[in-house]
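Asker: Need a 3D model of the sequence below.
(one chain, ligands or ions: 1)
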Amino acid sequence: MNISNIFCKDGILAKSLKDYEYRPQQVIMAEAIADNINNNSHLIVEAGTGVGKSLAYLIPFILWAMEENKKVVISTFTKALQYQLVNKDIPFLKDALRLNFSFALCVGGENYLCMRRLNQAGSHGLFELDETEDLKRLFEWKDKTKTGLKSDMDFEPMPKLWQKVCREGDICFGKKCSYYEKCFYQRAKAVERKAHILITNHHLFFAHIALGWNVLPKFDSIVFDEAHQLEDIASGYLGIEVSNYRIKNLINTISNPFTKKGLISRLEWLTPHTISEINLLTNKVRRAGDGFFGVLSEKLDGTTKRIRVENFIPNLLKEPLINLSEGLKPLMKSAENYEDEKEILSLIDRCITLSSDIDSIISQTLTDHVYWGEIDGKRIRIAATPIDISSILREQIFENIKPVILTSATLSVKGDFSFLRERVGLNSGNELALDSPFNYRENVMIYTPNGISDPKDTEEFKRDVIDCIKSILNITHGRTLILFTSYEMLNKAYDALNRLNSSNRLNSLNFLRQGEMDSYKLIEEFKNGDNLVLLGTHTFWQGIDIPGDALQCVIIVRLPFQVPDDPVTEARLEKLKENGKNPFIHYQIPNAILMFKQGFGRLIRTQSDKGIVAILDPRVRTRFYGERFLSALPDCVRTDSIEDMKEFFDRIR
Ligand code: SF4
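Answerer: Numbers count the residues shown, from 1 in each chain. Below you'll find the model as predicted:
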């Protein structure tokens, strides 16, 4: 079996797939991947929408894994792609190729029910009154489920209940557990160890690296699909952070004064004196935590802030956490069984790690990290994030595993991959840029209106944008996605457009905005409704897939430059400057172009999709970098005339 007789016009795929279309780009990609597997070299592939990249990498890797008995990890950014691979593409290939390869979906341990914790908490009455109903359902479900996975439940258990019964790495007893044979997680791990293909996501993959390569089984090669997200996801996992929730969770696990639950209520052999001593120590941590996060939130003043100086607030938590860990140590000696001993030990470790993490952040001992704090609702956190992860990824991944494949529809700036290579530390291997097989010239018009003020004139820009959106919507009558770069602008536009709608200056449209309901539900509503306009920011630039007539117009309000006042971005820009590079040219422009291509890519999802992309930001025409943005897009007809746009839209409607 070889690549060409699988992909050719009368090949295996053509015989198995009813609407199979031969796409030369897909064959080129599959052959390039096969070559790089044989040559043991890394490969970056940018594959435009419609190339069919998942089959193009799956097939050569399945053949290799079967022939050489290798194990391959496929890591994605979105769950949607993960489920497409597991539920559609791979089962299809198993049938079509008639190969007996095995595969497994790898998810984090916290997604599995832990039988030991469930039974322990049930028998010691560790649950709270409001959890009784969900607990009953959990006990019924555990006898029916084959996977023990939370995603397989037909109800959503209370998060605080699930936290008490899910698998937690540091208190998993592994082979010493009396439930080992029945354990859902251990069974899943056994399947993963035997599988040729493992499907996971970037979050779990980088958690695997951060935890010393201890989460996934040993593997031989990796494909990062949706690889444009690597730097941001990796940075999040390779740093450290401490939140008020993490402190609360730790002390409530030891002793919760409100519910009277926690470890010490379960250890029946503790003397009243020891219980009151531990309670005293946990109360001290609780009070210190309240003080610490109180001072922190005053300093942050409701925003995300960079912390530039050491010891910017007193480390009130260090001593109480160490005292608590010391107070727990004598309990280890009196523990009556392995289970108690292991749990006490893990709590001691958590106190010590937490104390050391806070210390590293407050005293800023980690080099090449940016320190910052954030208030997000009730959650207050401080963090240290590596500024440049390229050397970490190079040492940990690219010098360790071969081949590594990076793929996505947006990795290059007009075929130039240097930005991605620099950011992720990949300075070897090959690269390939493949255009989409779709006919953009026929099916898409790019509209760049004249007369919109420069975004630096904020109020004029906002006014012009609303006027222009109104004109566009009066042509499209909905079926439009509007992409913003900030919630502030999104909300202002939402209010203004609703006012226009109520005063009959728009044709009875319905507006949906990101954040008003779960994103998945919002997109489903948009797909199935009439006269709808969807307003989104951030994740909506890249995470949504709306094929067909429901979406015929994408409006890009502003070029998606990352805001330099985000602490991590700011630190990256400073670092480039220190290294003698112009951060705007070397970071902000290429980064924004990749995001811009993602936003543009929302419009055309299938061969028959047609529509308009309106780019309202005048800088694509007036600034020196504007043409770099436009020329990074597929070849389309461009216009600055609303009449042309209307004529095109009437034709494709
Ligand atoms: S092996 Fe670990 S996850 Fe499984 S039941 Fe035991 S403690 Fe829970």
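
Asker: Residue 391 and the ligand: what is the separation?
Answerer: Shown here: residue 391 relative to the ligand, a distance of 35 Å by CB to the nearest ligand atom, to the nearest Å. Every C-beta, even on glycine, is put in place using the N, C-alpha and C of the backbone.

Asker: Also residue 37?
Answerer: Distance check for residue 37 against the ligand: by CB to the nearest ligand atom, it reads 35 Å.

Asker: let's number from 21 now, not from 1
Answerer: All right, first residue 21 from here; so that's residue 57.

Asker: Provide a list of residues in contact with that residue.
Answerer: Contacts of residue 57 were listed using CB atoms under 8 Å, 6 or more residues apart in numbering, and they are 80-81, 84, 241, 423.

Asker: Strands - which of these land there?
Answerer: Mapping the contacts of residue 57 onto strands (DSSP state E) picks out residue 241.

Asker: for the contacts of residue 57, which one is nearest the ligand?
Answerer: When those are ranked by distance to the ligand (CB to the nearest ligand atom), residue 241 comes first, at 28.6 Å.

Asker: pLDDT wise, what is the closest one at?
Answerer: Among the per-residue scores, residue 241 holds a pLDDT of 98.

Asker: Then the one 3 residues further on?
Answerer: For residue 244, the model assigns a pLDDT of 98.

Asker: Compute the number of surrounding residues for it.
Answerer: The local packing count at residue 244 equals 24, with neighbours defined by other CB atoms under 10 Å.

Asker: and the gap between it and the ligand?
Answerer: Residue 244 sits 28 Å away from the ligand, taking CB to the nearest ligand atom as the criterion.

Asker: The contacts of residue 57 into CSV, with extra columns for distance to residue 234 and neighbour count?
Answerer: Formatted as CSV, the entries for the contacts of residue 57 read as follows, by distance: CB to CB, whole Å; neighbours: other CB atoms under 10 Å:
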residue, distance to residue 234, neighbour count
80, 29, 25
81, 24, 26
84, 26, 20
241, 19, 21
423, 23, 24
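
Asker: I'd like to know which of the contacts of residue 57 is nearest to residue 402.
Answerer: The shortest separation between residue 402 and any of the contacts of residue 57 is 37.3 Å, and it belongs to residue 241 (by CB to CB).

Asker: ok, for the closest one, nearest residue in space, not its chain neighbours?
Answerer: Here the nearest residue to residue 241 in space, its sequence neighbours aside, is residue 92; by CB to CB, 6 or more residues apart in numbering that works out to 4.9 Å.

Asker: Ok, residue 81 next?
Answerer: Leaving out its chain neighbours, the residue that sits closest to residue 81 by CB to CB, 6+ apart is residue 92, at 4.7 Å.

Asker: Contact partners for that neighbour?
Answerer: The contact partners of residue 92, taken as CB under 8 Å, 6+ apart, are 81, 84-85, 216-218, 239-243.

Asker: Quick one: residues in contact with stretch 282-298.
Answerer: The set of residues external to stretch 282-298 that reach it, using CB under 8 Å, 6+ apart, is 140, 144, 146, 272-276, 299, 344, 347-348, 350-351, 354-356, 360, 363-364, 367.

Asker: any idea how far stretch 254-262 is from the chain center?
Answerer: Relative to its parent chain, stretch 254-262 has a centroid offset of 13 Å by CA atoms, centre = their mean, to the nearest Å.

Asker: Stretch 195-211 now?
Answerer: In terms of CA atoms, centre = their mean, the centre of stretch 195-211 is found 28 Å from the chain centre.

Asker: what's the span of it from first residue to last?
Answerer: The first and last residues of stretch 195-211 sit 16 Å apart, counting by CA to CA, to the nearest Å.

Asker: quick check, that stretch touching the ligand?
Answerer: Yes: part of stretch 195-211 sits close enough to the ligand to count as contact by CB under 6 Å from any ligand atom, namely 197, 199-200, 203, 205-206.

Asker: Show me which parts of that stretch are buried, residue by residue.
Answerer: For stretch 195-211, the neighbour count (16 or more other CB atoms under 10 Å) marks 197, 199-200, 203-209 as buried.

Asker: So what sits opposite the residue nearest to residue 241 in the bridge?
Answerer: Counting by DSSP bridges, residue 92 is bridged to residue 217, residue 241.

Asker: where's it relative to residue 83, distance?
Answerer: Computed as CB to CB, to the nearest Å, the residue 92 to residue 83 distance reads 11 Å.

Asker: Which strand or helix spans the nearest residue to residue 550 once chain neighbours are set aside?
Answerer: Nearest residue to residue 550 in three dimensions, chain neighbours excluded: residue 498, at 6.8 Å (CB to CB, 6+ apart). In this assignment (DSSP states H and E), residue 498 forms part of neither any helix nor any strand.

Asker: same deal with residue 319?
Answerer: Counting by DSSP H and E, the element that carries residue 319 is helix 292-320.

Asker: so how far is that helix from its chain's centroid?
Answerer: Helix 292-320 has its average C-alpha position 33 Å from the chain's average C-alpha position, going by CA atoms, centre = their mean.

Asker: what does stretch 502-511 give?
Answerer: 20 Å.

Asker: Look at that stretch and report the distance between its end residues.
Answerer: Using CA to CA, first and last residues of stretch 502-511 are 12 Å apart.

Asker: Mind listing what's buried along that stretch?
Answerer: Buried residues in stretch 502-511, counting neighbours by 16+ other CB under 10 Å, are found at 502-505, 509-510.

Asker: Next, count neighbours for residue 512.
Answerer: The burial metric for residue 512, expressed as a neighbour count using other CB under 10 Å, is 15.

Asker: Can you list phi and psi of residue 370 for me?
Answerer: Its backbone dihedrals place residue 370 at phi -60, psi -40, with angles given as degrees, to the nearest 10.

Asker: who's in contact with it?
Answerer: Contact criterion CB under 8 Å, 6+ apart gives 190, 270 as the residues in contact with residue 370.

Asker: same check, this time on residue 386
Answerer: Under the criterion of CB under 8 Å, 6+ apart, the neighbours of residue 386 are 260, 380, 404, 406.

Asker: who touches the last one in this structure?
Answerer: The one in question is residue 406. Under the criterion of CB under 8 Å, 6+ apart, the contact list for residue 406 reads 255, 258-259, 386, 388-389, 412.

Asker: Would you mind giving the buried residues of stretch 195-211 as JSON lines with secondary structure and pLDDT added?
Answerer: Output for the buried residues of stretch 195-211, formatted as JSON lines (DSSP: H, G, I helix; E, B strand; the rest coil; pLDDT from 0 to 100):
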{"residue": "197", "secondary structure": "coil", "pLDDT": "92"}
{"residue": "199", "secondary structure": "coil", "pLDDT": "95"}
{"residue": "200", "secondary structure": "helix", "pLDDT": "95"}
{"residue": "203", "secondary structure": "coil", "pLDDT": "97"}
{"residue": "204", "secondary structure": "helix", "pLDDT": "97"}
{"residue": "205", "secondary structure": "helix", "pLDDT": "97"}
{"residue": "206", "secondary structure": "helix", "pLDDT": "97"}
{"residue": "207", "secondary structure": "helix", "pLDDT": "96"}
{"residue": "208", "secondary structure": "helix", "pLDDT": "97"}
{"residue": "209", "secondary structure": "helix", "pLDDT": "96"}
